[in-house]
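Participant: quick check, what structure comes out for this input:
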Amino acid sequence: QVQLVESGGGLVQPGGSLRLSCLASRIFFDVYAMGWYRQAPGQQRELVAHISTSGGTAYADSVQGRFTISRDNAKKTVQLQMNSLKPEDTAVYYCNAGSTYYGDYKPSDYWGQGTQVTVSS
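Facilitator: Below is the predicted model of the structure:
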């Protein structure tokens, strides 16, 4: 059974940084595109960033220039470096193992349990 385990969330002040990590197991990691989603209370889950099997990246407009997604196939991890955090970035962040089709990310049913990010003074 595929497992995705997120870590690195926490409480940070506006303008601060956090680095999220997602460790995958029981999965042929190299063949999956990976995505980071977030869900704020009362909101739909939204795609924040994704990275293809070849390392191509894409970001939501709301995080462009502040967040960076990367992957390490040898360690089966995907990271999300979040800088210049804003209160509106507060959400539970989830990683997903999926695929890309003409640059669009297609999520699979493989989700982690999520990690809480709270941006507040």
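Participant: quick one: the residue nearest the centre of the chain from G16, how far?
Facilitator: Geometric centre of the chain, nearest residue: W36, 2.3 Å, by Cα atoms, centre = their mean. Per Cβ to Cβ, to the nearest Å, W36 is found 18 Å from G16. Every residue, glycine included, has its C-beta placed from N, CA and C.
Participant: again, but for N96
Facilitator: For N96, the distance to G16 - Cβ to Cβ - is 25 Å.
Participant: these two: who's more crowded?
Facilitator: Neighbours were tallied for N96 and for G16 using other Cβ atoms under 10 Å; the higher tally belongs to N96 (24 against 14).
Participant: quick one: contacts for the more buried one?
Facilitator: L4, M34, G35, W36, Y37, P107, S108, Y110, W111, G112 (Cβ atoms under 8 Å, 6 or more residues apart in numbering).
Participant: if we use 6 Å, what do you get?
Facilitator: Counting by Cβ atoms under 6 Å, 6 or more residues apart in numbering, N96 makes contact with G35, P107, W111.
Participant: any idea which helix or strand comes after the helix-or-strand element of the chain with minimal mean pLDDT?
Facilitator: None of the helices or strands of the chain scores lower by mean pLDDT, DSSP states H and E than strand 104-111, at a mean of 92. Moving toward the C-terminus from strand 104-111, the next helix or strand (DSSP states H and E) is strand 115-119.
Participant: how about that next one: buried residues?
Facilitator: If you call a residue buried by 16 or more other Cβ atoms under 10 Å, then strand 115-119 has these buried ones: T115, V117, V119.
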